[in-house]
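Engineer: the sequence and its predicted three-dimensional model are supplied below.
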Amino acid sequence: MNANEQLPVTMDALVWTAPRRMEMQRVPVPRPGAGEILLEVGAVGICGSELSGYLGQNSLRVPPLVMGHEVSGRIVQMGDDLPAGAHSLALGQRVAVNPIIGCGDCPQCEASMPNLCQRRRIVGAHCAGGFAQYVAVPAAQCSPLSTNLRDEAGALAEPLACSARAVHHARWQQDSALLILGAGTIGLFCLAVARAEGNGAIVISDMLDARLDVARAWGATYAVNGRAADAKEQLRAAMPGGAACVIDAVGSDATRALALQLVRPGGRVVYIGLHDESSPLAANYLVRQEIAVQGSFAYTPADFAHALDLLERGVITPGPTWTEERPLAGGAAAFAGLLDGTIATPKIILRP
Ligand SMILES: [Zn+2]
Ligand SMILES: [Zn+2]
């Protein structure tokens, strides 16, 4: 490995060309700009937000676009003018990408919350992402992966960071119950992050039994199928006195309402799911019970570092019960399958 590594001129990329249309194309290999490095993509996850993008329901994403923001890969080229903090990066090194790029000089960025920067850019939404053999990203957004972490694990840092932030916002105390609604990737990761903190009661609910099985294996105290006629009663019975905090990792009208019904007076509800654009709110009930409602969006650099630490500690490892690896060329079919419900695996990881 040296600076003269021969790179091809063109590469395979999975390009979203129109709503519900994605195709493999040969496109030029990007050149790293100032402050950027070029990665050979090792693994890239498919995110729920990209499913709505794929349908054309997301104003952030405009076709033609190479999506993919859950990326890990190997550095194959360094651009000019790398930032001072990038001196730890070297050719050949494997890294995970934090895809949220803040403007750097607004109050939110100065408070280390680029996730709330009004001029933030996201790799794979505002610029080409990781559904390709190569991707150019700012060096400052890259964190080295230790040699014992596989590329697939590195690609989980981004969604895990989302969950780390939600759990942080929940302010869970071990002597009380945490309720998680939804056992997709984000809900399961919230379970794993919280379980890594301690042995308190964590109750989780989902519509799919296969996901509840994963949740039990990951240490859920009680897992309830939301389709059961008595689901709400089961949840109440599992948490006498109510949940001290609820994380809604679905974001539907039903789960947003359920979160308020199951949290105890004075408790906290964290909304992270984005299923419905707006939902009715039992505002007077919320007032009288002094329920705190907190939104949780993406992650800060500190949350990303927390996620990487959890991965390095092996708290989460990709496995056949909940991840599925596919070649990049299988990406279009994966998007279609996730949307029509024929793929139930919580996380699909593509390997270019
Ligand atoms: Zn994501
Ligand atoms: Zn900013």
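Structural biologist: Yes, it's here. Numbers count the residues shown, from 1 in each chain. Ligands and ions are numbered 1, 2, ... in the order given.
Engineer: average pLDDT across stretch 294-309?
Structural biologist: If you average the pLDDT over stretch 294-309, you get 98.
Engineer: and it, does that touch ligand 2?
Structural biologist: No: judged by C-beta under 5 Å from the ion, stretch 294-309 stays clear of ligand 2, getting no closer than 12.2 Å. Using the backbone N, CA and C atoms, a C-beta is placed for each residue, glycine as well.
Engineer: what residues sit buried inside that stretch?
Structural biologist: Buried positions in stretch 294-309, judged by neighbour count with 16 or more other C-beta atoms under 10 Å: 294, 296, 298-301, 303-308.
Engineer: how about residues contacting it?
Structural biologist: Under the contact criterion C-beta atoms under 8 Å, 6 or more residues apart in numbering, stretch 294-309 has outside partners 96, 98, 100, 112-116, 143, 145, 156-158, 160-166, 168-170, 193, 247, 268-272.
Engineer: now, which of the buried residues of stretch 294-309 sits nearest A128?
Structural biologist: Closest approach between the buried residues of stretch 294-309 and A128, by C-beta to C-beta: A298, at 19.4 Å.
Engineer: SS state for the closest one?
Structural biologist: Following DSSP: H, G, I helix; E, B strand; the rest coil, A298 is assigned to coil.
Engineer: distance of the closest residue to it other than its chain neighbours relative to E50?
Structural biologist: Of all residues not flanking A298 in the chain, N115 sits nearest, at 3.9 Å (C-beta to C-beta, 6 or more residues apart in numbering). N115 sits 17 Å away from E50, going by C-beta to C-beta, to the nearest Å.
Engineer: swap in P301?
Structural biologist: Distance from P301 to E50, counting by C-beta to C-beta: 22 Å.
Engineer: burial measure for the residue nearest to A298, as a count.
Structural biologist: Other residues near N115 come to 22 when the count uses other C-beta atoms under 10 Å.
Engineer: for it, what are phi and psi?
Structural biologist: Per-residue torsions, N115: phi -60, psi -20 (degrees, to the nearest 10).
Engineer: can you check L82 too?
Structural biologist: The phi/psi pair for L82 (degrees, to the nearest 10) is phi -70, psi 140.
Engineer: pull the contacting residues for it.
Structural biologist: L82 neighbours (C-beta under 8 Å, 6+ apart): 35, 37, 89, 139.
Engineer: report pLDDT for it.
Structural biologist: Confidence at L82, expressed as pLDDT, is 93.
Engineer: same thing with S59?
Structural biologist: Here, the pLDDT recorded for S59 equals 84.
Engineer: what does C103 give?
Structural biologist: At C103, pLDDT is 97.
Engineer: neighbours of the residue nearest to A257 when sequence neighbours are not counted, just the number please.
Structural biologist: Spatial nearest neighbour of A257, chain neighbours left out: A282 (6.8 Å); criterion: C-beta to C-beta, 6+ apart. The burial count assigned to A282 is 14, neighbours taken as other C-beta under 10 Å.
Engineer: ditto for L191
Structural biologist: Applying other C-beta under 10 Å, I find that L191 has 28 neighbouring residues.
Engineer: would you check the contacts of L82 and say which has the weakest pLDDT?
Structural biologist: Lowest pLDDT of the contacts of L82: L89, 92.
Engineer: and the contacts of the worst-scoring helix or strand of the chain on mean pLDDT?
Structural biologist: In the chain, no helix or strand scores lower on mean pLDDT, DSSP states H and E than helix 48-55, which sits at a mean of 92. Residues outside helix 48-55 that contact it (C-beta under 8 Å, 6+ apart): 16, 19-20, 22, 58, 60-61, 65, 67-69, 124-125, 184-186, 274, 335, 338-339.
Engineer: now it: buried residues?
Structural biologist: So for helix 48-55, counting by 16+ other C-beta under 10 Å, buried means 48-50, 52-54.
Engineer: tell me the SS of A257?
Structural biologist: Applying three-state DSSP: A257 is helix.
Engineer: pull up the gap between the residue most central in space within the chain and ligand 2, please.
Structural biologist: Geometric centre of the chain, nearest residue: P159, 1.9 Å, by C-alpha atoms, centre = their mean. Separation of P159 from ligand 2 (C-beta to the ion, to the nearest Å): 23 Å.
Engineer: do the same with G266
Structural biologist: Remark: distance between G266 and ligand 2 (C-beta to the ion) = 34 Å.
Engineer: many thanks, we can stop here.
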